[in-house]
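*Asks:* this one's sequence-less:
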């Protein structure tokens, strides 16, 4: 598939092309999936690196392919470091509450704050990792900004989200996207992220769908687990669950997972459209088609224990790239930034396999 729009005046054109046949990723997924099962999930980091490498190689900017240089061992080390720090903080909070009772609440609160701060730092470092492992025209991307300032912003957003029962999340996501994408730099590609254009894309209507659906799913699951609903057998308190009860609880967990995936799919689509608008692109997404895609991808990942994760990632990439367009109307800020760098985005050509 391809889409092309009228050219923006001034400067050399920037053509973005991706050719991905998601069916080619099935064999990759099955091969890595078998190794992932044999290694109890550890090989998944190598599978993720290989998937990125193939997707990057299938994406051209001005006729030159991107190159991904990340390694699976790097992802594994990062995940283990994150697990160790977060696990230590949560363990300290649990010990404080259990040993000191209510007097351990300040320690638990400090541990929760440290986790939010550390996860914010990890998110920034993760974006830096992707940028510095992505090469184009012989040079890698870079990210300007302060990891400490970003982490403090994440801590503030986490606190406000707790106080607002999650309703601050769209604002937090907008701030996060602006902080990350506006700092992306490349010697051959000036950055031009327009937060005002991204802010004009609505998020709260899609967020409300996910929020209320999550409440309903949580109430239903809690009712089943407490034995208030007679739809599936639940184990009595103090007794070990039988095989049938384990199967029933597993089915409940899978159904809840798929329901939440479908409920939050519209918000994920809205977020992608907002980010694309900030980058001067239009990403019209049919929410029904996107919801089906996300639900099927989640089912594939669960049913194959992550084995077909590469295939699911390729399906999502092909879906998004086949719908990218150049924004027909740009804000003055984005237009000035692009003309100053003598860069334009049209004709924008996007090609993807089925």
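*Replies:* Nice, I can see it. A quick note: this is a predicted structure, and the numbers were derived from the prediction, not measured. Numbering: from 1, shown residues only.
*Asks:* the strands in the stretch 101-250 of the chain, which residues?
*Replies:* Here the stretch 101-250 of the chain has its strands, by DSSP state E, counting those that start in this stretch, at 134-136, 139-140, 142-143, 184-185.
*Asks:* count of residues packed around residue 248?
*Replies:* 18 (other C-beta atoms under 10 Å). Placement of C-beta: from N, CA and C, glycine included.
*Asks:* how close does it sit to residue 301?
*Replies:* 22 Å (C-beta to C-beta, to the nearest Å).
*Asks:* ok, now residue 101?
*Replies:* Applying C-beta to C-beta to residue 101 and residue 301 gives a distance of 41 Å.
*Asks:* neighbour count winner among the two?
*Replies:* For residue 101 versus residue 301, the count of surrounding residues by other C-beta under 10 Å is larger for residue 301: 20 against 9.
*Asks:* what's the residue nearest the centre of the chain in contact with, if anything?
*Replies:* What sits nearest the mean C-alpha location of the chain, by C-alpha atoms, centre = their mean, is residue 268, with 8.4 Å. Counting by C-beta atoms under 8 Å, 6 or more residues apart in numbering, residue 268 touches 290, 294.
*Asks:* change the start of the numbering to 29 and stick with it
*Replies:* That works, and once the first residue is 29, the last one we named lands at residue 296.
*Asks:* How about residue 176: what's its closest non-neighbour residue?
*Replies:* Leaving aside its sequence neighbours, residue 176 sits nearest to residue 149 (C-beta to C-beta, 6 or more residues apart in numbering; 7.6 Å).
*Asks:* Residue 142 now?
*Replies:* In space, residue 142 is closest to residue 117, 5.2 Å off (C-beta to C-beta, 6+ apart).
*Asks:* For the one you found, grab the count of nearby residues.
*Replies:* So residue 117, with other C-beta under 10 Å, has 20 neighbours.
*Asks:* and the closest residue to residue 206 other than its chain neighbours, how far is that from residue 198?
*Replies:* In space, residue 206 comes closest to residue 223 once its chain neighbours are excluded; the distance is 4.2 Å by C-beta to C-beta, 6+ apart. Using C-beta to C-beta, residue 223 is found at 13 Å from residue 198.
*Asks:* Can you pull out the residues in contact with stretch 336-347?
*Replies:* 46, 48-54, 56-58, 60-61, 72, 75-76, 78-79, 82-83, 317-318, 321-322, 324-325, 328-329, 380-382.
*Asks:* again, but for stretch 116-132
*Replies:* 133, 135-136, 139-140, 142-143, 146.
*Asks:* Ok, stretch 157-170 next?
*Replies:* With contacts defined as C-beta under 8 Å, 6+ apart, stretch 157-170 is touched by 84, 89, 92, 94-98, 102, 106, 171, 212-217.
*Asks:* Averaged pLDDT, it. What do you get?
*Replies:* Per-residue pLDDT over stretch 157-170 has a mean of 93.
*Asks:* Give the buried residues for that stretch.
*Replies:* Buried residues in stretch 157-170, counting neighbours by 16 or more other C-beta atoms under 10 Å, are found at 157-159, 161-164, 169.
*Asks:* mind putting the residues you listed in CSV, distance to residue 291 included?
*Replies:* Output for the buried residues of stretch 157-170, formatted as CSV (distance: C-beta to C-beta, whole Å):
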residue, distance to residue 291
157, 30
158, 28
159, 31
161, 33
162, 32
163, 38
164, 37
169, 34
